[in-house]
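>>> Return atomic coordinates for the entry below.
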Amino acid sequence: MHRRHVLLTAAYAGVSAATLAFPSLTRAQALEKPKATIAVGGKNLLYYLPLTIAESLGYFKAEGLELTIVDFAGGARALQAVVGGSADVVSGAFEHTVNMQFKGQAMRAFVLQGLAPQIVLGINPKTMPDYKGIADLKGKKIGVTAPGSSTNVMVNFQLAKVGLKPSDVSIIGVGASQGAVAAMTSGQIDAISNLDPVITLLQRGGNLKIASDTRDPKEAERVFGGPMPAGCLYAPVSFLEKNPHTAQAMANAMVRASKWIQAAGPTDIIKAVPESYLLGDRAVYIDAFLAAKKALSPDGMIPDKGSETALRALASVDPAIGKARLDLKAVYTNDFVKKANAKYTKG
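The predicted structure is shown next:
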């Protein structure tokens with residue numbers, strides 16, 4: 001009897017200990033890779049605001065993640081980091097998933113940050129005072145965040161509409177911060193394809209004339225002929241298959257951040273983002289946030305026809321992509337986002 005009593009006591013103690021530890025145990029078991037790396041191209045941009053908010057407000061940590069977020073000059077560089085194995089997930093433009101399938105590397109988007117590209121193609125009024133239309137850009141220097149990035153695709157797409165080829169202009173990588181502003185104000189480039197807060201800062205200084213503005217989802221649909229998903233988290237399909245709980249945790253944090261942003265005012269945003277992101281002018285950042293807010297996804301859902309729009313945009317630059325037989329449903333999933341929205345039905 002004594003031995004049985006000891007065994008029962010031990011068993012109850014074990015149950016009690018397991019019950020107390022249950023939340024942390026299940027989280028530790030659930031996340032296959034809690035220490036993961038996300039590569040992003042221009043983290044200070046409002047294009048990636050949900051990523052910044054999820055990090056700064058501790059939403060990733062709340063999901064049990066210990067993320068390293070590495071910043072690059074543009075989305076193409078961030079993608080290279082994942083392809084090269086130094087990062088697990090990209091925070092980048094959706095169309096890269098289509099382009100990578102064409103190249104034989106399966107990538108899949110699993111949570112949306114932007115409903116519209118938010119990319120603005122602007123003309124330098126100092127070097128092109130007589131600008132009348134996109135065709136005038138022939139032979140000119142155009143600044144993009146990084147060659148091959150979505151800002152570059154936007155330029156190529158607009159050029160194609162007026163019969164110009166990518167080789168008809170000079171593409172120069174200028175990043176997504178003060179370097180981009182300096183390139184325009186000093187006259188090093190004749191036009192720029194970039195995002196906020198860079199665009200609003202240039203506008204405020206009278207150093208930009210807008211040629212095309214996709215911060216407005218309706219304008220973006222008009223330009224691209226359909227819904228054009230923008231910033232998202234995407235990863236190799238193999239990563240998502242091996243680490244579904246980790247991907248779910250990331251989606252949870254991103255959706256929670258997106259909902260917070262929709263309910264936030266300018267003051268809330270200013271407090272939540274790093275001081276360096278303001279580019280030295282809080283008022284400009286507030287204006288940029290107000291301009292970009294409607295282009296940010298309220299719930300992380302990727303539109304079903306988004307991959308078709310992305311393919312058309314890419315095909316205008318490279319006809320071979322348009323002729324390829326691609327599985328456009330394989331480049332995205334809303335499975336993680338649906339679960340995240342069920343978890344965070346409120347902000």
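>>> which residues touch the spatially most central residue of the chain?
Nearest to the mean C-alpha position of the chain, by Cα atoms, centre = their mean, lies residue 231 at 2.6 Å. By Cβ atoms under 8 Å, 6 or more residues apart in numbering, the contact list for residue 231 reads 47, 48, 50, 51, 91, 92, 93, 94, 112, 113, 114, 118. Using the backbone N, CA and C atoms, a C-beta is placed for each residue, glycine as well.
>>> Not counting residues beside it along the chain, what's closest to it?
Residue nearest to residue 231 in three dimensions, not counting chain neighbours: residue 113, with 3.7 Å by Cβ to Cβ, 6 or more residues apart in numbering.
>>> Can you list the low-confidence ranges for this protein?
Within the chain, the stretches with pLDDT under 70 are 1-29, 346-347.
>>> which stretches of it form strands?
Using DSSP state E, the strands of the chain run over residues 37-41, 68-72, 89-93, 107-112, 120-123, 141-144, 170-173, 191-194, 209-213, 231-236.
>>> Can you check the distance spanned by stretch 235-253, start to finish?
With Cα to Cα, to the nearest Å as the measure, stretch 235-253 spans 16 Å from end to end.
>>> Figure out how far it is from the centre of its chain.
How far stretch 235-253 lies from its chain's middle: 16 Å, per Cα atoms, centre = their mean, to the nearest Å.
>>> Any buried residues in it, and which?
235-237, 239-240, 243, 245-253 (16 or more other Cβ atoms under 10 Å).
>>> what sits against the closest residue to residue 198 other than its chain neighbours?
Once flanking residues are discounted, residue 198 sits nearest to residue 180: 4.9 Å by Cβ to Cβ, 6+ apart. When contacts are counted by Cβ under 8 Å, 6+ apart, residue 180 touches 143, 145, 174, 192, 194, 198.
>>> my read: the fourth one touches residue 141, true?
No - counting by Cβ atoms under 8 Å, residue 192 stays clear of residue 141, with 9.7 Å between them.
>>> Which one's more surrounded, these two?
residue 192 (29 against 19; other Cβ atoms under 10 Å).
>>> For the residue nearest to the more buried one when sequence neighbours are not counted, give the beta-bridge partners.
Excluding its sequence neighbours, the residue lying closest to residue 192 (Cβ to Cβ, 6+ apart) is residue 143, at 4.3 Å. Beta bridges link residue 143 to residue 172, residue 192, judged by DSSP bridges.
>>> burial count for residue 143?
26.
>>> got it, and residue 71?
By other Cβ under 10 Å, the residues close to residue 71 number 17.
>>> check contacts around it.
40, 41, 42, 43.
>>> The last one and residue 51 touch, don't they?
Yes - the pair residue 43 and residue 51 passes the contact test of Cβ under 8 Å, sitting 6.9 Å apart.
>>> where do the contact lists of these two overlap?
69, 91.
>>> Run a quick check on residue 189 versus residue 137, I expect a contact.
No - using Cβ under 8 Å, residue 189 is not in contact with residue 137, being 10.9 Å away.
>>> Span of stretch 306-325 from start to end?
Chord length of stretch 306-325, first to last residue, is 17 Å (Cα to Cα).
>>> do stretch 199-209 as well
For stretch 199-209, the end-to-end distance is 10 Å (Cα to Cα).
>>> cool, and stretch 83-99?
13 Å.
>>> What's opposite the closest residue to residue 51 other than its chain neighbours in the beta bridge?
Nearest residue to residue 51 in three dimensions, chain neighbours excluded: residue 91, at 4.9 Å (Cβ to Cβ, 6+ apart). Taking DSSP bridges, one obtains residue 40, residue 233 as the residues bridged to residue 91.
>>> Just the closest of the contacts of residue 231 to residue 301, please.
Residue 301 lies nearest to residue 112 out of the contacts of residue 231, by Cβ to Cβ, at 6.2 Å.
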